[in-house]
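Engineer: here is my input, please return the structure:
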Amino acid sequence: MSAEDWTPLAEEYIYLLDVQTDATRAPPAHDDQSLSTEPRLLWVHVVVIVVALFLRWLCKAIAGQRPSWVRRAKTAAALRTWRIRTDARLNQLADAVTRLNVDVDTAKRYVLVLQAFEEARSQQDATEVDNRILELEQGADLPTINAEPPKTASHWRPSLRRRR
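Structural biologist: Numbers count the residues shown, from 1 in each chain. The predicted model follows:
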């Protein structure tokens with residue numbers, strides 16, 4: 001049999017196979033409608049999310065609340081300022097402790113205050129460190145160096161009232 005004889009047999013076999021599987025035509029390579037709607041659906045989702053976030057921000061702005069990252073930044077800035085000021089105060093106190101040759105108990109309390117200063121992470125810790133420094137200065141008759149009262153909570157948590 002030649003190749004020309006095989007062609008009608010192959011066509012008949014394919015036709016019978018199509019009839020059995022009820023496949024009248026091949027599916028299209030791509031569906032134009034589905035390709036054009038998927039990106040639109042994605043953009044709809046993105047727009048809805050952006051509008052929701054904008055409305056949330058707008059409501060908080062009307063209510064006078066600052067975003068949480070602003071509050072955290074102000075708290076961190078206040079803690080950095082306190083650390084710089086207290087570090088300088090402790091350095092001057094260390095000079096006074098070494099110059100005056102204080103007793104071992106006072107030196108030990110200074111080391112404990114220094115350790116508490118290094119571990120301070122919150123407003124309560126800072127207040128405790130400031131109080132311990134004042135006690136150390138007053139108890140050992142050391143000169144009071146740039147003593148300030150401990151910062152209040154309003155220093156650490158900015159007011160939620162709107163500034164005018």
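Engineer: what is the burial count for residue 132?
Structural biologist: Residues lying near residue 132 (other C-beta atoms under 10 Å) number 17. (Glycine included, C-beta is placed from N, CA and C.)
Engineer: ok, it - contacts?
Structural biologist: Residues near residue 132 by C-beta atoms under 8 Å, 6 or more residues apart in numbering: 109, 112, 113, 116.
Engineer: roughly how far does it sit from residue 106?
Structural biologist: Distance, residue 132 to residue 106, by C-beta to C-beta, to the nearest Å: 12 Å.
Engineer: and for residue 45?
Structural biologist: 66 Å.
Engineer: compare the two (neighbour count), which wins?
Structural biologist: Legend: neighbour count by other C-beta under 10 Å for residue 45 and residue 106, higher for residue 106 (16 against 10).
Engineer: can you pull the buried residues of stretch 87-101?
Structural biologist: 89, 90, 93, 96, 97 (16 or more other C-beta atoms under 10 Å).
Engineer: tell me the mean pLDDT for that stretch?
Structural biologist: What stretch 87-101 shows for mean pLDDT is 83.
Engineer: got it, and stretch 40-58?
Structural biologist: Stretch 40-58 shows a mean pLDDT of 89 in the predicted model.
Engineer: what about that stretch, distance to the chain center?
Structural biologist: Relative to its chain's centre, stretch 40-58 lies at 22 Å (C-alpha atoms, centre = their mean, to the nearest Å).
Engineer: with stretch 109-128 instead?
Structural biologist: That offset, for stretch 109-128, works out to 25 Å (C-alpha atoms, centre = their mean).
Engineer: kindly report the same for stretch 127-141.
Structural biologist: Relative to its chain's centre, stretch 127-141 lies at 35 Å (C-alpha atoms, centre = their mean).
Engineer: repeat that for stretch 55-65.
Structural biologist: Distance of stretch 55-65 from the chain centroid (C-alpha atoms, centre = their mean) equals 20 Å.
Engineer: closest to residue 138 among the buried residues of stretch 87-101?
Structural biologist: Closest approach to residue 138 among the buried residues of stretch 87-101 (C-beta to C-beta): residue 93, at 12.0 Å.
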